[in-house]
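K.L.:
got a predicted structure here, sequence first:
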Amino acid sequence: MAIELNDELIELERVAWAEQQEQRLTVDTAAKLQAAITAHAAATGQSRYEVERELKRVVRHPEDDG
């Protein structure tokens, strides 16, 4: 089963990843992202872990979509 993501999740992960790369990730950014992942997983009946894993892959390793 393919993991479904939405634009909001992808944008939140992009922001969090950019902050992390610049060593300025805030608790607020991380908390918003985790809350969005949890809510999305619950709403779509997907595993929160699998949603987070796919989200990180899509944002951090887009070349793997190849």
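P.N.:
All right, it came through fine.

K.L.:
any idea of the mean pLDDT for stretch 41-51?
P.N.:
Averaged across stretch 41-51, pLDDT comes to 97.

K.L.:
buried stuff in that stretch?
P.N.:
41, 46, 51 (16 or more other Cβ atoms under 10 Å). All C-beta atoms are positioned from the backbone trio N, CA, C, and that covers glycine.

K.L.:
where's the nearest residue in space to the last one that is not next to it in sequence relative to residue 22, distance?
P.N.:
If I follow you right, that is residue 51. For residue 51, ignoring the flanking residues on the chain, the nearest one in space by Cβ to Cβ, 6 or more residues apart in numbering is residue 41 at 4.6 Å. The gap separating residue 41 from residue 22 is 27 Å, by Cβ to Cβ, to the nearest Å.

K.L.:
the buried residues of stretch 41-51 in helices, which ones?
P.N.:
41, 51 (DSSP state H).

K.L.:
quick check, nearest of the buried residues of stretch 41-51 to residue 12?
P.N.:
residue 51 (11.9 Å; Cβ to Cβ).

K.L.:
so where is this structure shaky, pLDDT-wise?
P.N.:
By pLDDT under 70, the low-scoring segments of the chain are 1, 66.

K.L.:
where along it do the helices fall?
P.N.:
Using DSSP H, helices in the chain cover 7-21, 27-44, 48-60.

K.L.:
list of residues touching the first one?
P.N.:
Outside of helix 7-21, the residues that reach it under the criterion Cβ atoms under 8 Å, 6 or more residues apart in numbering are 25-26, 29-30, 32-33, 36-37, 40, 51, 55-56, 58-60.

K.L.:
can I get that helix in PDB? Just the C-alpha atoms.
P.N.:
Only the C-alpha atoms of helix 7-21 are listed here, as PDB (Å, rounded to 0.1, in the frame of the first residue of the first chain):
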ATOM      1  CA  ASP A   7       1.200  19.200   0.500                       C
ATOM      2  CA  GLU A   8       0.900  20.600   4.100                       C
ATOM      3  CA  LEU A   9       2.900  17.700   5.500                       C
ATOM      4  CA  ILE A  10       5.600  18.000   2.800                       C
ATOM      5  CA  GLU A  11       5.900  21.700   3.400                       C
ATOM      6  CA  LEU A  12       6.100  21.300   7.200                       C
ATOM      7  CA  GLU A  13       8.900  18.700   6.700                       C
ATOM      8  CA  ARG A  14      10.700  20.900   4.300                       C
ATOM      9  CA  VAL A  15      10.700  23.700   6.900                       C
ATOM     10  CA  ALA A  16      11.800  21.400   9.700                       C
ATOM     11  CA  TRP A  17      14.600  19.900   7.500                       C
ATOM     12  CA  ALA A  18      15.900  23.300   6.500                       C
ATOM     13  CA  GLU A  19      16.000  24.400  10.100                       C
ATOM     14  CA  GLN A  20      17.700  21.200  11.100                       C
ATOM     15  CA  GLN A  21      20.300  21.600   8.400                       C
END
